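In: Below are the sequence and a predicted model for it; my questions follow.
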Amino acid sequence: MNRRKALRNILLITGGATLTVSSYKTYSWFKTPDLDFAFNQKPLIDALAETIIPKTDTPGAKEAGVGETILVLLKECTTKPSQNKFIDGLKDLISYCSSTYHKSYIDCTPQEQATVLRHFQEKGKTTKGIIGKAQNKYLGKSFYTTLAEYTTHAYCTSELGATLGLSYSMVPGKYSGCIPLEPNQRTWATK
């Protein structure tokens, strides 16, 4: 076999392998998400949200019903790639906890839970700049990014989060664009 045929064959094999891998990745991002799996993992999602916003002198995420809201947001307001990445992230988290700690996330200590979430936060970091924005828009957000955004949104818009977790004024007075916070005052529950 001469050199040209060998190079051509190597390029064809490499190109075919690259096309196969990229086709599989694209399929896995845009396939119909297994939302039943996510809804069956509600206790896990509650525990994840509670790790992000724990109960202190204010109610925690689990007490505010954040897990149910995350599932509704996942089903109704999330693109297919982000849904699939979230579900794959849940599966990865389950296997990571069982292989690393030999128990489920819910049974882990709070320190272990925080370590697991930090691992997935580092794993889910996107590229900065325009490339990162394009990745988030077209290929979906990472598991941790979706979890953190939905946890924060659900907590701040829940009744307990808005009234007890944030400083809430049912009938605000005049608009003041910039006012100093009092000592130990919570942030305002407005956008």
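Out: Thanks, I have it. Residues are numbered from 1 along each chain as shown.
In: any weak-confidence spans in this structure?
Out: Residues of the chain meeting the criterion pLDDT under 70: 1, 19, 21-29, 168-173, 175-176, 188-191.
In: quick one: the closest residue in space to Leu44 that isn't next to it in sequence from Thr157, how far?
Out: Once flanking residues are discounted, Leu44 sits nearest to Tyr105: 5.9 Å by C-beta to C-beta, 6 or more residues apart in numbering. Every C-beta, even on glycine, is put in place using the N, C-alpha and C of the backbone. Counting by C-beta to C-beta, to the nearest Å, the separation of Tyr105 from Thr157 is 25 Å.
In: still on that earlier bit, in terms of contact, does the residue nearest to Leu44 touch Val116 like I think?
Out: Yes - using C-beta atoms under 8 Å, Tyr105 is in contact with Val116, at 6.4 Å.
In: Out of the two, name the residue with the larger neighbour count.
Out: More crowded of Tyr105 and Val116, by other C-beta atoms under 10 Å: Tyr105, with 22 against 19.
In: follow-up on the earlier one: so what's in contact with Tyr105 and Val116 at the same time?
Out: In terms of C-beta atoms under 8 Å, 6 or more residues apart in numbering, Tyr105 and Val116 are both contacted by the residues Leu93, Cys97.
In: Tell me where the protein has helices.
Out: 3-30, 35-40, 42-52, 66-76, 80-100, 110-123, 130-139, 143-157, 159-160 (DSSP state H).
In: Which one, of the ones you listed, ends up nearest to Ile179?
Out: Minimum separation from Ile179 across the helices of the chain (C-beta to C-beta) falls at helix 143-157, 19.5 Å.
In: Okay, buried residues for that closest one please.
Out: Across helix 143-157, burial judged by 16 or more other C-beta atoms under 10 Å covers 143-148, 150-156.
In: try stretch 5-14
Out: Result for stretch 5-14 [16+ other C-beta under 10 Å]: no buried residues.
In: do the same with stretch 86-103
Out: By 16+ other C-beta under 10 Å, the buried positions in stretch 86-103 come out as Phe86, Ile87, Asp88, Gly89, Leu90, Leu93, Tyr96, Cys97, Tyr101.
In: Distance from the chain centre to that stretch, please.
Out: 14 Å (C-alpha atoms, centre = their mean, to the nearest Å).
In: From the rest of the structure, what touches it?
Out: Residues from elsewhere that reach stretch 86-103 (C-beta under 8 Å, 6+ apart): 28, 33-35, 37-38, 41, 44-45, 48, 74, 78, 104-105, 108, 112, 116, 119-120, 124, 142-144, 146-147.
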